[in-house]
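J.: for reference, the sequence and a predicted model appear below.
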Amino acid sequence: EAGVTQFPSHSVIEKGQTVTLRCDPISGHDNLYWYRRVMGKEIKFLLHFVKESKQDESGMPNNRFLAERTGGTYSTLKVQPAELEDSGVYFCASSQPGQGVNNEQFFGPGTRLTVL
Amino acid sequence: RKEVEQDPGPFNVPEGATVAFNCTYSNSASQSFFWYRQDCRKEPKLLMSVYSSGNEDGRFTAQLNRASQYISLLIRDSKLSDSATYLCVVRRGGNKLTFGTGTQLKVEL
């Protein structure tokens, strides 16, 4: 079974440009999450989708970040305009429907974003 | 104060050694606890969940002390392949995970 995939694996852009990251969750996983690791810091939660609905977006840093999951399948995370402090690794994760301690989140390989 | 605190290490240990990592969490409402493993430039992967009664998976033993808000991971007979960063992770409610910064382990010959 294919795992969580993310595209691109790396992106280098200039400050002020726009970047769109894509995540394809494991098939059948209704829950999709975005996390981010900024250099030297811990991985931090950004938001959680249940199918196409935003369940929790409390971790989104500001309105330059827009996440979508139209149709409840893949998700995109757009950063517009990008700032230097947006550099980091953006991880996507997915899990089976529902909640609970046994509802393991499977992580994708991440997109490494560098803003110059 | 960070919600999940870990000693960043690195812990450099010889092959075959026993090594223990500790983690503390600040929110007493935390419900679920995990150890994840992350290899260099890779994604985090679940190593094991942590239960109040303590649990073991092969060479790995995890323990939780809710009163002290303390989680531990013990690795016995460490292997070169155990070299990685070990992330302490808690879940308060819902599905949102809160991560520590990780403890780096290097197992040497």
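T.: Alright, I've got the coordinates.
J.: close to chain A, is stretch B:99-108?
T.: Yes - legend: contact between stretch B:99-108 and chain A by C-beta under 8 Å from any C-beta of the partner chain is shown at B:Phe99, B:Gly100, B:Thr101, B:Gly102. Bear in mind the C-beta positions are built from the backbone N, C-alpha and C, glycine included.
J.: for ChimeraX, write a command that selects the buried ones of those.
T.: Once 16 or more other C-beta atoms under 10 Å in any protein chain shown is used to decide burial, the buried members of the residues of stretch B:99-108 next to chain A can be selected in ChimeraX as follows:
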select /B:99,100,101,102
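J.: from the residues of stretch B:99-108 next to chain A, pick the one nearest B:Tyr70.
T.: The shortest approach to B:Tyr70 among the residues of stretch B:99-108 next to chain A belongs to B:Gly100, at 12.4 Å (C-beta to C-beta).
J.: distance check, that closest one against A:Thr76.
T.: In this structure, B:Gly100 and A:Thr76 are separated by 29 Å, where distance is defined by C-beta to C-beta, to the nearest Å.
J.: ends of stretch B:3-13, how far apart?
T.: Across stretch B:3-13, the terminal residues are separated by 28 Å (C-alpha to C-alpha, to the nearest Å).
J.: export the residues of stretch B:99-108 next to chain A to a markdown table and tack on pLDDT?
T.: As requested, the residues of stretch B:99-108 next to chain A are arranged in a markdown table below (pLDDT from 0 to 100):
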| residue | pLDDT |
| --- | --- |
| B:Phe99 | 97 |
| B:Gly100 | 97 |
| B:Thr101 | 96 |
| B:Gly102 | 96 |
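J.: show me what from chain A comes close to chain B.
T.: Taking C-beta under 8 Å from any C-beta as the criterion, chain A approaches chain B at residues A:4, A:31, A:33, A:35, A:41-45, A:48, A:55-56, A:58-59, A:91, A:95, A:99, A:101-105, A:107-110.
J.: pull out the buried residues from the helix or strand of chain A with the lowest mean pLDDT.
T.: Each helix and strand of chain A was given a mean pLDDT (mean pLDDT, DSSP states H and E); the minimum falls on strand A:53-56 at a mean of 94. By neighbour count, with 16+ other C-beta under 10 Å as the criterion, the buried positions of strand A:53-56 are A:Gln55, A:Asp56.
J.: show me how far that strand is from its chain's centre.
T.: If you compare the mean C-alpha spot of strand A:53-56 with that of the full chain, they lie 13 Å apart, counting by C-alpha atoms, centre = their mean, to the nearest Å.
J.: would you put the C-alpha positions of that strand in PDB?
T.: Once side chains and other backbone atoms are set aside, the C-alpha atoms of strand A:53-56 remain, and they are given as PDB (Å, rounded to 0.1, in the frame of the first residue of the first chain):
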ATOM      1  CA  SER A  53     -13.700  20.100   6.200                       C
ATOM      2  CA  LYS A  54     -11.200  22.000   8.400                       C
ATOM      3  CA  GLN A  55     -11.600  20.400  11.800                       C
ATOM      4  CA  ASP A  56      -8.800  22.400  13.500                       C
END
